[in-house]
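> The sequence and its predicted three-dimensional model are supplied below.
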Amino acid sequence: MQGKDTEYIQQLIDDYFEGKTGREEDKILFAYFSQREIDPCFQQYQALFASFHQLSLQVQASKKQAYVPHQPTTYSKLSNKSNRRQWIRISSIAASVMLLATISFLLNKHVQNVDYVMIDGIKYTDALSIETAVNNSLANVKIETQDIFSSLDVLELDSLK
């Protein structure tokens, strides 16, 4: 391959990767890379363009197979309306069941408001035992009748006068 052709192929490769090529330039690149012998500086691109070419052939073949001439649709507007009605009916039934389940759960939920008191590390729930425990605890409280003012004597307040 001559230098001019190498520059042209390199420009086409650059344009291809930048998305600037059309069908004709793509065909030139695919044809060039499908040859047995190509310029050694383009060897790195040969497998890539060969796979691109195979992929484009497969896509074209699948498009030809997938094309089906216009056929009348099997669903009419009536069936679409009945589908909508069926979905609305099913969703309303599901919502009703969920609402009933929620109400049933809330009504049957056993709510226990248990008041308790902890006295000396023991839990009391009944009023009589609470009163007894409080009285016992208060009876055990020692009240020291130490003279509050005796602690002030230490400060020697008289010397401040």
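Yes, it's here. All values reported here derive from a predicted model rather than from experimental measurement.

> Let me see the ranges of the strands in the protein.
117-119, 122-124 (DSSP state E).

> For these, could you give me JSON lines that also reports mean pLDDT and mean neighbour count?
C-betas here are computed from N, CA, C, even on glycine. Formatted as JSON lines, the strands of the chain follow (pLDDT from 0 to 100; neighbours: other Cβ atoms under 10 Å):
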{"stretch": "strand 117-119", "mean pLDDT": "78", "mean neighbour count": "12"}
{"stretch": "strand 122-124", "mean pLDDT": "82", "mean neighbour count": "12"}
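
> Dump the ones you listed into JSON lines; add distance to Thr132 as well.
As requested, these are exported to JSON lines (distance: least, Cβ to Cβ, whole Å):
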{"stretch": "strand 117-119", "distance to Thr132": "10"}
{"stretch": "strand 122-124", "distance to Thr132": "9"}
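
> what's the closest of these to Val134?
strand 117-119 (6.6 Å; Cβ to Cβ).

> which strands and helices sit next to the closest one?
Judged by 3 or more Cβ pairs under 8 Å, 6 or more residues apart in numbering; DSSP states H and E, the packing partners of strand 117-119 are strand 122-124, helix 127-139.

> These into TSV, with extra columns for distance to Phe42?
TSV is the format used below for the helices and strands packed on strand 117-119 (distance: least, Cβ to Cβ, whole Å):
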stretch	distance to Phe42
strand 122-124	87
helix 127-139	95
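
> Nearest to Phe49, out of these?
Of the helices and strands packed on strand 117-119, nearest to Phe49 by Cβ to Cβ is strand 122-124, at 82.4 Å.
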